[in-house]
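K.L.:
My questions concern the predicted model and sequence given below.
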Amino acid sequence: MPALTLAQADQMISAALAAARAAGHAAMAVVVLDESGHLKAARREDGASMFRIDIATGKAWAAVGMGTSSRKLAERAQGNPVFFNSLASTAGGRFLAQTGAVLIRDAAGAVLGAIGASGGSGDQDEAICISGVEAAGLAVG
């Protein structure tokens, strides 16, 4: 199974932050995790609050852990809040079912990891993540 490289993670983060700057979003943080939820790369822009890395990580960790975008997790959480609160508790607070992270897939559809962002609205965070993945020539899952 191909692994996500540091060069790909850096490329995704750079492209995501460039998309945020082009759109005029607030200062952002972007995190890339591998398929096991381990940190591959992270960057926090000047002016982004101290919570941004943790929030972006929680979104990406939830996405890779559950095998779907954080948008879908947020939608599912509305109908099953007890289960999703239990997931967050079981995960030691690292699980955040909030829009702003997507899976990273290779051309064959295998999950390579997840990218999450924090600093804008959930929609803005998700959009820059998608831009980052696409810039690296990978697929969004």
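P.N.:
Received it, and whenever you're ready, just let me know what you need. Remember, predicted model here, so these are calculated numbers, not experimental data. Numbering: from 1, shown residues only.
K.L.:
Please enumerate the strands of the protein.
P.N.:
Here the chain has its strands, by DSSP state E, at 29-34, 39-44, 101-105, 111-118, 139-140.
K.L.:
R105 against V111, yeah?
P.N.:
Yes - with contact defined as CB atoms under 8 Å, R105 counts as touching V111 (5.8 Å). Placement of C-beta: from N, CA and C, glycine included.
K.L.:
intersection of neighbour lists for the two?
P.N.:
Here R105 and V111 have G141 as joint contacts, going by CB atoms under 8 Å, 6 or more residues apart in numbering.
K.L.:
what separates the lowest-mean-pLDDT helix or strand in the chain from the chain centre, distance-wise?
P.N.:
For the chain, using mean pLDDT, DSSP states H and E, the weakest element among its helices and strands is helix 81-90, scoring a mean of 85. Here the centre of helix 81-90 is set off from its chain's centre by 19 Å, with CA atoms, centre = their mean, to the nearest Å.
K.L.:
and if you look at stretch 96-104?
P.N.:
Distance, stretch centre to chain centre, for stretch 96-104: 5 Å (CA atoms, centre = their mean).
K.L.:
Over to stretch 81-92?
P.N.:
So, by CA atoms, centre = their mean, the centroid of stretch 81-92 is 19 Å from its chain's centroid.
K.L.:
closest to G58 out of the strands of the chain?
P.N.:
strand 111-118 (7.4 Å; CB to CB).
K.L.:
just checking, what packs against the closest one?
P.N.:
helix 6-23, strand 29-34, helix 52-66, strand 101-105, helix 122-135 (3 or more CB pairs under 8 Å, 6 or more residues apart in numbering; DSSP states H and E).
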